[in-house]
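S.K.: Build the 3D model from these lines:
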Amino acid sequence: MADLKKLSDEELVKSFVSGNQVSFNILLERHKQKVYSYIYLMIRRQELAEDILQDTFIKVHTTLLKGKYLESGKFVSWVMRISHNLIIDHFRRQKNYPILFNEDHERDIFNHSKFSDASVEESMVHEETLRDVAVLVNELPDNQREVVVLRHYLGLSFKEIADETNVSINTALGRMRYALINLRKMITENELTLYF
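M.R.: Numbering: from 1, shown residues only. The predicted structure is shown next:
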């Protein structure tokens with residue numbers, strides 16, 4: 001088992017698909033804390049976050065066994081995308097959306113200090129804005145959505161995003177730039193008014 005722990009994610013995936021259940025257990029142990037942290041940041045409820053974490057790895061397990069994993073070299077990003085989609089599904093069912101945080105900028109489409117002591121009316125407007133933003137983020141191309149999620153949902157630096165997605169920092173920055181351009185374009189096209 002010690003030798004298995006030295007394998008890359010992709011090697012462990014191949015080992016698991018070949019029938020070695022221990023390989024999946026190592027993948028789970030290797031990544032569950034990071035995935036759980038992301039889910040918890042979005043959900044803010046421990047029990048629900050644990051449920052979504054479990055659902056995420058059940059889906060990962062099932063997809064791998066069916067031979068439908070095609071994200072060679074990007075296992076963690078793929079798992080994070082599955083958890084993100086399950087979170088979105090949860091909030092759609094609840095007709096509510098997650099609160100997004102970004103402490104880097106005082107004024108942007110993800111967060112604003114004005115909402116720290118919001119009235120009921122302001123909170124309702126804020127929730128509607130977050131719902132609109134979450135829908136728009138979900139419509140971005142995969143590589144742009146991935147950078148937005150890693151930056152604004154997980155708080156990773158652009159260097160960490162570049163390492164995580166196996167691209168250069170300039171590519172990660174470029175994807176974020178295009179994501180913001182596309183978000184602004186969608187906001188204009190949909191005639192949305194975002195209140196901050």
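S.K.: Need the per-residue pLDDT for the closest residue to T63 other than its chain neighbours.
M.R.: Closest residue to T63 in three dimensions, ignoring its sequence neighbours and counting by Cβ to Cβ, 6 or more residues apart in numbering: Y69, at 5.7 Å. For every residue, glycine as well, the C-beta is placed using N, CA and C. For Y69, the model assigns a pLDDT of 89.
S.K.: Grab the longest helix from this protein for me.
M.R.: Scanning the chain for the longest helix, with DSSP state H as the assignment, gives helix 21-43.
S.K.: Check which helices and strands it sits against.
M.R.: Taking 3 or more Cβ pairs under 8 Å, 6 or more residues apart in numbering; DSSP states H and E as contact, the helices and strands that helix 21-43 lies on are helix 2-5, helix 9-17, helix 46-65, helix 75-94.
S.K.: buried ones in stretch 176-195?
M.R.: Neighbour-count burial for stretch 176-195 flags 176, 179, 182-183, 186-187, 194 (criterion: 16 or more other Cβ atoms under 10 Å).
S.K.: Now, the residues you listed that are in helices?
M.R.: Of the positions in the buried residues of stretch 176-195, 176, 179, 182-183, 186-187 sit in helices, assigned by DSSP H.
S.K.: who's in contact with the closest residue to T56 other than its chain neighbours?
M.R.: Taking Cβ to Cβ, 6+ apart as the measure, T56 lies nearest to S83, with 4.3 Å between them; neighbours along the chain are not counted. With contact taken as Cβ atoms under 8 Å, 6 or more residues apart in numbering, S83 is in contact with 35, 38-39, 52-53, 56.
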